[in-house]
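[1] any chance you could fold what I've pasted below:
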Amino acid sequence: MPRDLIVPLVIFTVLLAAALDVLIMSRLRRSYIKRTPAAEQREGSIKIFGTYSPVLTWIHRIWVAALLPATWDRLRKSQHSIPNLRTRLSVLLKGEHSTIPAEAVKTNWKDRFPEWLFIFMAVLAFCLGILDFRPYWQLPGNESLLFQSLDWVFINSVSVYHKFPLWNPYFYAGVPYIADPMTHILNPVVLLPVLIFGVDTGFKLAILSSFVIAAFGMWRLGKIFGLSTFTRIWMALLFAFAGQPAARFFQGQYLFVLGFAWIPWIIGSLTLLVRHRRVRDLIGASAALAILFFSGNIYYQIYMAAACILFAAVFLPSFSFRKPFLRLDLKLLGLVILTGILALGFAAVQLFPTIEFAEWVRKGPEIHGSHTLGQILLDLTSKDSVRPDAYSVMPAREEFYAYIGWFPILSLTAFFFALGKKELRKPLLFFGMLLLFTVLWINITRLPFNEILLEGSFFHQMRHLLRILVFTSFAIICIAALGLDAVIKKFLGFQNGDPQKRKYVGLFGQVAAFLLIGGMFFSLYDVYSTNKKLLATHDSHRPGYLVMAWLQQYDNSLNYVRFNPHNSGYDFAISNKQRLLEAWYHFNNIRSLKGNIFPREVVAKPNYLVQSVSEPVLDRDVQFIREVEGYSVYRLTDSLPFAFTVEAGTLLKPENGCLQSQDVQAISAYSSGPNTVEVIADSKSEEYLILLISNYPGWVVNVDGKPADIVNIGGYLGVRAATGVHKYEFSFHPMPFYAGLAVSLMCLGLSAVLLISDQKEQLVSLPARLKSGLNWVVRKQHQSAMWWKDLLTSSLAESNSTIEQFNVGGNLAENAELFGSTAVTAHSTGRITPRSGMKVIAAKLISLLSLWGLEKNLFILALLLYLATRFIGLVQFPIYFFTDEAIQTVMAADFVQSGFKNYNGESWPTYFSNGSTYNLSSISVYLQVIPYLLFGKSVIVTRGVSVLVGLLAAVFASLILKNIFRIRYWWVGALLLSITPAWFLHSRTAFETVEMVGFYSGFLYYYMLYLNRSPKYLYISLVFGALVFYTYSPGQLIIGLSGLFLLISDLPYHIKNRKTALRGFLLLVLLAMPYINYIQAHPDVTINHLSTRAPLWTEAIPFSEKLAQYFSEYLYGLSPAYWFLPNTHDLNRHLMDGYGHILLWTLPFA
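    As a prediction, the model looks like this:
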C-alpha cells in the first residue's frame, strides 16, 4: 500500500467505527429506556444531541459524586439541574449567540482557555521546525538574512551607538533606513523579541508569534460571527497552516509572514465597529492596520486597502424595496474614514519618509504571475511546488504555492445554508467580493482594457500578481467556515438560534454532522502535514561570519566591501558592521545625478573583495591580503576612498574618464553612529570634500559648527572645502520622519483620550476614590503632626527658644472630610533658633517613622546598618579583587556590545563560558548589564550589585523569624547575619555565592509561607528556586536536593493541594526550559563541570573509597569545630583571619 494512503485510511476507519458505535449504542439506548422509562427524566441525565446516554449518565454521576461531593450536594439542592452534556455541547455547536441560560453555562475566559490552549499548541507544533536556537542555525531562503540584516542595522545602532538609525549605511552607498519599505523594526512583534533575545533568536520568535497571532485573529473572527467551537478552531488553524505563509520559507520572504497575521484582526475589528460602533473597535482596527504597515513591504498593505474599500462598499449602504431604495449610513462612513485617518496617523512616523522615498525607488517593469482560473485552483489544491505550468514560466515557488486542499473549496457550496441568517449575508457578500477581486487581480493581464490599466507605474510597483493569494485563501476559508457551520447546525437541529425550536433530525443527521466535522479536521491534518515540512532551519555558513569579523579587525575604517556572490553574505557583513556597496536589494541604487555640478564621473567601488578561494579574480587592480576560512580577501587598489578632497579643476575634465584614486587626497572619516560622519580635513583653495554617501534629502553639514551647503557631486555628498584645517560634521535629519513622529504621537495621545472617554462609565467613581485617598493621607499626616507637636513641645520646654503655635490644634474625626470642605490651616508664629530648628527636623523625622511602629523602624535601621557595613570601604576590603568577580561586569559589557550574545554566538545564553567551561551564571551577568550601562566598569559597581542582591538574605532572615516563627525580636535576624564572619566577608565580594544565598533565602521564606499561610506562595518559591539554580553552578545540586527532600517530607500537604502542586509542576517545567536547551546545545558540559567541581566522583578509584572520602568531608561539614573555630581547611580567600565562619559566642544558642 502506498504510504500516502495509510493516514487517510486510518482516519476513515476510525470515523466508520465511530459511526457504527453510534448505531449500536442507539439500539442499546432504546432497549434500556423501554425497561426504565423514567431514566431520561432523572436529574443530571446526559444527552448527546438530544439522545439519552445511560453509560455517560452513569459515568457522570459516579464522577461528580466521588470527586466533587460538595458540588453534587449543592447542585442537587439548587433550583437548576446539573447542565447535561447536550447543554454543554450546545455552546460548542451553537456559537456566541446562544440563548442557553447563564446559570447553566458560563462563557468566561476560563471556558475559552481550552480552545486557546489547543490552538496555541497546534501552531507551536506546526512551527516547531523553526524553533532551533542553536548558534548559526538560520531560517531558510536567500532573502532571510537580507531581512534580518535590517534588524542588525537597528541592533548595531542601539547597542553600540545608543541611537535610533535613520540612515542605513550598509546597503549601496546608503539608503534611508526609516523610509525603506522593507524596514519592519517598528512592528512590536519584531521589535520586542529582537531587543530582548537578539536578532537570530528574536526574529524566529517573531515569526512564531505571527503564526500564533494569525490563528487567534481567525478564531476571534469566527467568534464575532457566532460560529461554533469546532468551526472556529478549524478556520483558525487552517489559515495559520495555509500554503502562502508557509511558502515564504522557500525564498525567505518573512515580511509577508509578519503581515498576514493582521488580516483577520483588521476585518474582525471593522466588523465590530459596524456592529457596535465603539471607540475601542475603531482604535483596534486602526492599530492593526498600522502594524500591518510596519510589517514591511507594500503588497499586503495595498491589498488590505482594497479590501477595506470593498468592506465599506458592502456594509455602508442598505437596500430596501421601498423609497428610499438605497440608504448610506453617513455616521458609519465617518467612523470608517476616521479609522483610516487614525491608522495613517499611527503609521506616519514611517509613512511620511516612505512617501518621500517613493520617487527614488526604481524596479524592473516586468509583471509576473498572471494565472488563469484553472491555474489559481491548482495553486490552492496542488502539493507540487514545482508544477510545470507555473514553475516553467516563473521559477519562484513562493509566489504560486498556496495549498489549502480541496475541502474548503468544495465547502464553498455550503454558503447557501448561511444565507438563512440575515446577520451573515453582508459578511458573505464581502468575502465573495474579496474572492472575486483577488481572481481578477491575478488575471489583470487578461482583462479587457488591460493596456489602459497597465500604463501607469502602479502595477509595475506591484508586479508580482500572485502575492494576493493569501487574501484568496482568507476569503475561501471564511466563506467555507460560515457555510459549514450553518450545515452542521442544520444537521444537528439547531435553527434560528432558539433552543426551543430545535428539531430532531434523526440519527442520519447526527452521523452526517459527525462525519462533516471529521472531514474538517482531516483537511486540517492534511494541510498541517503538507506545509509543516516547509518550516525548518538550516546550518548557516559559519566561515562567512569569521572572514568578515577578521576583515573588520584588520581594517575598521569606513570603507565598502563586496561579498561574492552579491546576493548573499548580508548577515555576515552587517553583523560585523561592514558596508556592502554592490549587494542585491529589492530596489536599485538610489544614487541620482540630478543636480550634479561637475561633468566628470564619480563612481564608488568596493575597497575590499571577499570571495571563495575557488572563484577567479575578475578585477585587474587587486592586491591579495589573506586567505581566511576558505575565503580570499583582496584590496581593490583603484577604488576611491570613502572620504577625500579633490580639486575643482580635476572634476571639470570628463575626457579623463572616471575619477581615479590617484586623483584625490584620501581623508580619514569617523562615524559616531549610522546618522553621522565626521571629517577633519586640511584643504587648499578651490577644493571639494566628497563623502561616498548617497546624496539624499535630509543630509546637512556643519563646518566648524556653522551650517554649509551640500552639493551633488556624482550623486554623492559634497561640500566646498574651506582653506586650512577644519572639522566637517555630516548628519542626517529627515524632516518627514520628525513630522511623522509628531503626528504619530498626537494620534497615540488622541487614542488614549478616546479610550478613556469610552470607558468613562467605569471611571465615574475615580474622582471619589481619589478624594477618599487624599483624605486618608491628610488624616494620617494630621495625626502624625499632633504626635510630633506633643513631642516638640516637651523638647523645647528645656530650651530658651519658644514656639507659640506650631500646628493645628484639636483632633480630626476618623471620617472627616478635608477636600471639598473648609479646612483649618496651619500657622507658625514665634521665633525658632537654629538649635530648635534641628530639633524640629529630628522630631518630624521621628513622627514619620512612628507611623510604621517600633519594630518596623528597628528593622529599617538594621537594614541601613547592614548596608553601611557593606558599602563603607567596599573597594578596600577585601583587599583582593579576583577575576572571578571582575569577569561578571566584563562579560556583561561584551554581552551588550555583541548584540546580547556570548562568545559562541548564543543569544541570551543560560550560562556563559568561564575559560574552557560553561559555569558562569547568566543571572550574575544579567544583573550587571544595567549598572554597567549606567555607571560603566568599576569595583564599586561590580561589588555593589552583589551587596544589594545579598541584602535579600538579611530581609528574608528577619521575615522568617517574624512570619514563620513569630519571634518578637524578629528584626535582630538582619543584625546577626550582618556580623557573621563568613557572610560579612563574602557579602562584600562579587562572588555568585552571595546572590545564590539571597535567592535561596527567598525560596525558603516563600516555601514556608506555602506551608503555613497559603498554597499560592508555591509559585514565587519556585521562581526563587530557579534563580538559585541559574545563579551558581553548585546551586544546582543545593536546590535540587532541597526540592527533593521537601517534596518527600511534605508529600501529604502537596497531595492535599494537588491542583496548586500541578500548576507548580507546569511552572517548574517552564522554568527548566533554558537548562534543557543548554544541555541539548552542550551535552558534555555537565560531566566536564562535575569533574572540575567534584573530581572525587570522576577519579579512577574504588567506589567504596569514594564513599569513605565523601562521608568524611560531609561529617566534618556538620562539625561545630568547622563552623565556630578558625580553620585552615578552606581557601584563604574564604576565611577571616582569627574567626570561624560563625561567631564563637553564638555557639550556646545554636
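[2] beta partners for Phe319?
    As for beta bridges, Phe319 partners with Leu326 under DSSP bridges.
[3] that one contacts Leu326, correct?
    Yes - counting by CB atoms under 8 Å, Phe319 touches Leu326, with 6.0 Å between them. To be clear about C-beta, it is placed using only N, CA and C from the backbone, and glycine gets the same treatment.
[4] helix or strand for Leu410, which one?
    Assigned by DSSP states H and E, Leu410 belongs to helix 406-410.
[5] end to end, how far does stretch 1140-1150 reach?
    Chord length of stretch 1140-1150, first to last residue, is 14 Å (CA to CA, to the nearest Å).
[6] let me see the mean pLDDT of it.
    For stretch 1140-1150, the mean pLDDT works out to 85.
[7] buried set for that stretch?
    Of the residues in stretch 1140-1150, 1140-1142 count as buried by neighbour count, 16 or more other CB atoms under 10 Å.
[8] pretty sure Leu1067 sits against Ile1020.
    No - between Leu1067 and Ile1020 there is no contact under CB under 8 Å: 9.9 Å.
[9] now the buried residues of stretch 1140-1150 as JSON lines including secondary structure?
    Formatted as JSON lines, the buried residues of stretch 1140-1150 follow (DSSP: H, G, I helix; E, B strand; the rest coil):
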{"residue": "Gly1140", "secondary structure": "coil"}
{"residue": "His1141", "secondary structure": "coil"}
{"residue": "Ile1142", "secondary structure": "coil"}
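[10] of those residues, closest to Ile713?
    Closest approach to Ile713 among those (CB to CB): His1141, at 74.6 Å.
[11] surely that closest one is in contact with His986?
    No - contact status for His1141 versus His986: not in contact, 9.9 Å apart, counting by CB under 8 Å.
[12] three-state assignment of Ser632?
    strand.
[13] what of Val610?
    Going by three-state DSSP: Val610 is strand.
[14] show me the contacts for the closest residue to it other than its chain neighbours.
    With sequence-adjacent residues excluded and distances taken as CB to CB, 6 or more residues apart in numbering, Val610 is closest to Phe563, at 5.0 Å. Taking CB atoms under 8 Å, 6 or more residues apart in numbering, we find Phe563 in contact with 544, 548, 569, 572-573, 580, 583, 610-611.
[15] now do 6 Å
    The contact partners of Phe563, taken as CB atoms under 6 Å, 6 or more residues apart in numbering, are 569, 573, 610.
[16] which residues in the stretch 801-950 of the chain form strands?
    Taking DSSP state E, counting those that start in this stretch to define them, one finds strands in the stretch 801-950 of the chain at 802-805, 829-831, 911-914, 917-921.
[17] how many residues are close by Gly595?
    Residues lying near Gly595 (other CB atoms under 10 Å) number 10.
[18] that one is in contact with Asn712, isn't it?
    Yes - if you go by CB atoms under 6 Å, Gly595 and Asn712 touch, sitting 4.3 Å apart.
[19] helix or strand: which one has Gly340?
    Assigned by DSSP H and E, Gly340 falls in helix 330-346.
[20] follow-up on the earlier one: for the buried residues of stretch 1140-1150, which one is nearest Met462?
    Set against Met462, the nearest of these by CB to CB is His1141 (74.7 Å).
[21] what about the nearest residue to the closest one once chain neighbours are set aside, which helix or strand?
    Take His1141 and drop its neighbours on the chain: the residue closest to it by CB to CB, 6+ apart is Ala982, 3.8 Å away. Using DSSP H and E, Ala982 sits within helix 981-986.
[22] for Val701, same thing?
    Using DSSP H and E, Val701 sits in strand 699-703.
[23] buried residues in that strand, which are they?
    For strand 699-703, burial by neighbour count (16+ other CB under 10 Å) applies to 699, 701, 703.
[24] that strand packs against which elements?
    strand 724-732 (3 or more CB pairs under 6 Å, 6 or more residues apart in numbering; DSSP states H and E).
[25] again, only using 7 Å
    Packed against strand 699-703, as judged by 3 or more CB pairs under 7 Å, 6 or more residues apart in numbering; DSSP states H and E, are the following elements: strand 706-708, strand 724-732.
[26] and the longest one, what's buried?
    I take that to be strand 724-732. 726, 728-732.
[27] what angle do the helix or strand following it and helix 330-346 make?
    Downstream of strand 724-732, the first helix or strand assigned by DSSP H and E is helix 735-758. Orientation of helix 735-758 against helix 330-346 (axes from the mean of the first three to the mean of the last three CA atoms, to 10 degrees) gives an angle of 130 degrees.
[28] any idea how many residues pack against the closest residue in space to Trp406 that isn't next to it in sequence?
    Leaving aside its chain neighbours, Trp406 sits nearest to Thr381 (5.4 Å; criterion: CB to CB, 6+ apart). Using other CB under 10 Å, Thr381 has 17 neighbouring residues.
[29] how near is Thr381 to Ala721?
    Counting by CB to CB, to the nearest Å, the gap between Thr381 and Ala721 amounts to 66 Å.
[30] quick one on the thing from earlier: what's in contact with the helix holding Gly340?
    273-274, 277, 282-283, 285-287, 289-290, 312, 316, 351, 743-744, 746-747, 751 (CB atoms under 7 Å, 6 or more residues apart in numbering).
[31] what about the residues you listed, which are in helices?
    273-274, 282-283, 285-287, 289-290, 312, 351, 743-744, 746-747, 751 (DSSP state H).
[32] and those residues, which is the shakiest by pLDDT?
    Sorting the ones in helices among the contacts of helix 330-346 by pLDDT puts Ser751 at the bottom of the list (89).
[33] can you tell me how far that one sits from Pro188?
    In terms of CB to CB, Ser751 sits 15 Å off from Pro188.
[34] which SS class is Leu428?
    helix.
[35] OK, contacts around it?
    Shown in contact with Leu428 (CB under 7 Å, 6+ apart): 415, 418-419, 479, 482.
[36] what's the distance between the residue lying closest to Phe1124 once chain neighbours are set aside and Tyr1122?
    Excluding the flanking residues, the one nearest Phe1124 by CB to CB, 6+ apart is Gly1140, at 4.5 Å. Gly1140 sits 8 Å away from Tyr1122, going by CB to CB.
[37] could you do Ile667 as well?
    For Ile667 relative to Tyr1122 (CB to CB), the value is 69 Å.
[38] any idea how far Gly1117 is from the closest residue to Ile979 other than its chain neighbours?
    In space, and not counting its chain neighbours, Ile979 is closest to Leu1143: 6.7 Å by CB to CB, 6+ apart. Going from Leu1143 to Gly1117 by CB to CB gives 18 Å.
[39] and for Ile291?
    On the measure of CB to CB, Ile291 and Gly1117 end up 58 Å apart.
[40] and those two? Which one has more around it.
    The neighbour count for Ile291 versus Gly1117, taken as other CB under 10 Å, is higher for Ile291 (23 against 10).
[41] where's that one relative to His276, distance?
    From Ile291 across to His276, the span is 22 Å (CB to CB).
[42] ok, now Val393?
    Val393 is 47 Å from His276, where distance means CB to CB.
[43] for Gln1080, grab the count of nearby residues.
    Neighbouring residues of Gln1080 were enumerated by other CB under 10 Å; the total is 11.
[44] actually Phe1024, not the one I wrote
    22.
[45] got the contact list for stretch 241-254?
    Contacts of stretch 241-254 (CB under 7 Å, 6+ apart): 126, 139-144, 147, 207, 256-257, 260, 396-398, 401-404, 469-470, 473, 527-528, 531, 534-535.
[46] thank you kindly, that will do.
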